[in-house]
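**Student:** Okay, sequence plus prediction incoming.
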Amino acid sequence: MKEIYETSHLEEIADIIFKYHTTGGRYLEILHNQFSALGTIEELYKIAFGNFYNESDYGKRPLSKLTRDIVDQLKFTTPVFPISQP
């Protein structure tokens, strides 16, 4: 699994890391403040990363699991919502 992540989809991974670093890790918090009508982490996450948050939805869009793994590793969701595993 690690080799797949290290050699595939590097642009997608770089985009997520860029969002993290350019906002001081506050990307979701900033979006949450701008779009307070988005009431759930699932809605906010889809706007932020273009993928599904819940494991049960990963099959609906390619790279949803990869995105979630990177986001969780960087702890993007912590300031806005507690991280919960589906």
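**Tutor:** In hand now; what should we look at?

**Student:** from here on, contacts and neighbour counts on C-alpha atoms
**Tutor:** Fine.

**Student:** Could you count how many residues lie near S64?
**Tutor:** 20 (other CA atoms under 10 Å).

**Student:** can I assume it is in contact with K46?
**Tutor:** No - between S64 and K46 there is no contact under CA atoms under 8 Å: 9.9 Å.

**Student:** overlap in contacts of these two?
**Tutor:** Listed as contacting both S64 and K46 by CA atoms under 8 Å, 6 or more residues apart in numbering are F52, Y53.

**Student:** could you list every residue that touches the residue nearest in space to the middle of the chain?
**Tutor:** By CA atoms, centre = their mean, the mean C-alpha position of the chain lies nearest to V71, the distance being 4.3 Å. Going by CA under 8 Å, 6+ apart, V71 touches I16, T77.

**Student:** pull the longest helix from the chain.
**Tutor:** helix 10-22 (DSSP state H).

**Student:** how about that one: buried residues?
**Tutor:** Residues of helix 10-22 classed as buried by neighbour count (16 or more other CA atoms under 10 Å): I13, I16, K19, Y20.

**Student:** In TSV, list those along with pLDDT and distance to L31.
**Tutor:** Converted to TSV, the buried residues of helix 10-22 look like this (pLDDT from 0 to 100; distance: CA to CA, whole Å):
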residue	pLDDT	distance to L31
I13	92	19
I16	95	14
K19	95	11
Y20	94	12
